[in-house]
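Student: Build me a structure from this.
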Amino acid sequence: MALTVEDGTGVSGAEAYVSVADADTYWGNRTHSSFYTTWNAASSGEKEGALREAAGHLDARYGRFYRGHRKGYVQGLQWPRSNAFDDAGFLLPELPQEIVDANADLAVRALSAALSSDAARGGMVKRNKVDGAVEREFFEGASPETKYGQIETMLGPVLNGMQRGGSWHWR
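Tutor: As a prediction, this is how the structure comes out:
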């Protein structure tokens, strides 16, 4: 099934913010990264699936923190947005490059592992122990979610800067 890509007009049924070809270009400009090798080795179908998963993860994880308001009911993803202004008061584009790049960047991670996973007992692991080797213990209330620092940094200009109990606060 062909990937339906958002183009900034509020595409009904959009599944990703970037096409496979544009993601190929994104990673082709980053050949120094080990992620380039992972992306380049994947099939077109695997890349499409990863882009879908990454866009879904972006919207589910960060969507409530995007600036502005979703523009229309029938659009497939959270962008485009109305009344989305940056800190200088400029209207953000219908599809900010930060969203496109974050979709491509996060997709390569989806090729290797799930972006979100179920957490046993709420993810509040107190200790994992391997006899004679590694022991890991988390503080009470530790989040089970993987933090993608690169993605949060990329999305900074399009996020409203508020997160409950999180690590980023721009405003």
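
Student: quick one: contacts for Leu91?
Tutor: Ala84, Phe85 (CB atoms under 8 Å, 6 or more residues apart in numbering). Any C-beta I mention is one placed from the backbone N, CA and C, and that applies to glycine too.

Student: Can you tell me the element the residue nearest to Gly49 when sequence neighbours are not counted falls in?
Tutor: Distances taken as CB to CB, 6 or more residues apart in numbering put Ala110 closest to Gly49, at 7.7 Å, once the chain neighbours are dropped. Using DSSP states H and E, the element containing Ala110 is helix 97-112.

Student: cool, and Arg30?
Tutor: Going by DSSP H and E, Arg30 is not in any helix or strand.

Student: What ranges in this protein fall below the confidence cut-off?
Tutor: Regions of the chain meeting the criterion pLDDT under 70 cover residues 117-133, 135-138, 140-145, 162-171.

Student: Gln78 in helix, strand or coil?
Tutor: Recorded secondary structure, Gln78: coil (DSSP: H, G, I helix; E, B strand; the rest coil).

Student: Verify the contact between it and Arg70 for me.
Tutor: Yes: Gln78 is within contact range of Arg70, at 5.7 Å (criterion: CB atoms under 8 Å).

Student: Who has more neighbours out of these two?
Tutor: Gln78 (22 against 17; other CB atoms under 10 Å).

Student: phi, psi of the more buried one?
Tutor: phi -80, psi -20 (degrees, to the nearest 10).

Student: cool, the one 4 residues further on as well?
Tutor: With angles defined as degrees, to the nearest 10, Ser82 shows backbone torsions of phi -110, psi 160.

Student: Quick one: neighbours of it, just the number.
Tutor: Neighbourhood size, Ser82 [other CB under 10 Å]: 11.
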